[in-house]
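> could you look at this predicted model? Sequence included:
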Amino acid sequence: MASIDQRPAGQPDGGLSFIPVGWLVVVMGLSAYGLFANWRLIGDFSLPENAFLLVYGGLTGGVITILWGLYLLGLAFNRSARFPRHYTIWQVAIIIWLVIRQAYVFFSFAFSAEALGFTVAEIAIGLLCIYLLRQGAGAKTVYANAETERPPVLVSVLAALLGIILGGAIGACAGFFAGSLIADATQMSCFEGACGFFAAFIGLGGLILGAIAGGIFAVWRVNRRKPARAA
């Protein structure tokens, strides 16, 4: 009887190759949070030049990260053999961006041990993910689909965009409604709109979570494995 595990002997568990996908989702979530947190600053030309460049650079980087990440999620759900290489390129670009951003903050503003710590942690996790997808690490046993029976990556990207829009809308409504209920149940003061701001904050959190969950669900839905047809 043939062995169930077909990985070449001596290679580590191929399940580790899914860690980069999880980190990809986390980075996309952080980028989405940054977009929503800084969106109100768009058009504010009263910002100092150094802050203006940092804000708009962060917004641009966040959009690119999310769109590029959707493409990578499509490859990952397809179990595409192209995923390890494309993910490595994406992760290297992210690391370079983190280094540039940290250097800009250090020279334009002030040194922050906390910010530096977060940046170092992100870079370390990114390097770990690259290591897990290196040649000979067993990733080829996981990402080896020729994509002949899966929808094109573009379909996954379009589905993810639709899922993000619908998920974000549903999450925002559900979050705002939940925030209003919590404010009423706790008899939160509405002085200067405190209860309204609380409900809006919960709604923002629901929007972010809903957008992420909706995008991931949509990609999974169009790429889920179908039962094999009977001969």
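All right, it came through fine. Numbering: from 1, shown residues only.

> which residue is nearest the middle of the protein?
Met28 (1.8 Å; C-alpha atoms, centre = their mean).

> not counting residues beside it along the chain, what's closest to that residue?
Of all residues not flanking Met28 in the chain, Gly69 sits nearest, at 4.3 Å (C-beta to C-beta, 6 or more residues apart in numbering). No exception for glycine: its C-beta is placed from N, CA and C like everyone else's.

> now do the contacts for that neighbour.
When contacts are counted by C-beta atoms under 8 Å, 6 or more residues apart in numbering, Gly69 is found next to 24-25, 27-28, 31, 90.

> now do Leu133
Leu133 neighbours (C-beta under 8 Å, 6+ apart): 17, 20, 83-84, 87-88, 139.

> return the set of buried residues in stretch 120-131.
By 16 or more other C-beta atoms under 10 Å, the buried positions in stretch 120-131 come out as 122-123, 125-126, 129-130.

> just name the closest of the residues you listed to Val219, please.
Closest approach to Val219 among those (C-beta to C-beta): Cys129, at 18.8 Å.

> output the contacting helices and strands for the helix or strand the closest one falls within.
Using DSSP states H and E, Cys129 sits in helix 113-132. Packing partners of helix 113-132 (3 or more C-beta pairs under 8 Å, 6 or more residues apart in numbering; DSSP states H and E): helix 19-38, helix 83-108.

> make a markdown table from the contacts of Gly69 and add pLDDT to it.
Listed next are these as a markdown table, based on pLDDT from 0 to 100:
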| residue | pLDDT |
| --- | --- |
| Leu24 | 92 |
| Val25 | 87 |
| Val27 | 91 |
| Met28 | 85 |
| Ser31 | 85 |
| Trp90 | 93 |
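
> wouldn't Ile66 be in contact with Gly29 here?
No - applying C-beta atoms under 8 Å, one finds Ile66 not in contact with Gly29, separated by 9.4 Å.

> more neighbours: the two, which one.
When Ile66 and Gly29 are compared for neighbours, Ile66 comes out ahead with 21 against 16, by other C-beta atoms under 10 Å.

> could you check the pLDDT of that one?
pLDDT, Ile66: 82.

> confirm for me that Ala115 is in contact with Phe109.
No - checked against C-beta under 8 Å, the pair Ala115 and Phe109 is beyond contact range at 9.4 Å.

> helix/strand/coil for the closest residue in space to Tyr131 that isn't next to it in sequence?
The spatially closest residue to Tyr131, leaving aside those adjacent along the chain, is Ala137, at 7.3 Å (C-beta to C-beta, 6+ apart). Assigned state for Ala137: coil (three-state reduction, DSSP: H, G, I helix; E, B strand; the rest coil).

> roughly how far does Ala137 sit from Ile19?
11 Å (C-beta to C-beta, to the nearest Å).

> between these two, which is the more surrounded one?
The neighbour comparison of Ala137 against Ile19 (other C-beta under 10 Å) goes to Ala137, with 17 against 14.

> I figured that one hits Leu128, correct?
No - with contact defined as C-beta under 8 Å, Ala137 does not reach Leu128; the gap is 11.4 Å.

> which of the helices and strands packed on helix 113-132 sits closest to Gly214?
Between Gly214 and those, the shortest separation by C-beta to C-beta is 11.4 Å, and it involves helix 19-38.

> list the buried ones in that closest one?
Residues of helix 19-38 classed as buried by neighbour count (16+ other C-beta under 10 Å): 20-21, 23-25, 27-29, 31-32, 34-36, 38.
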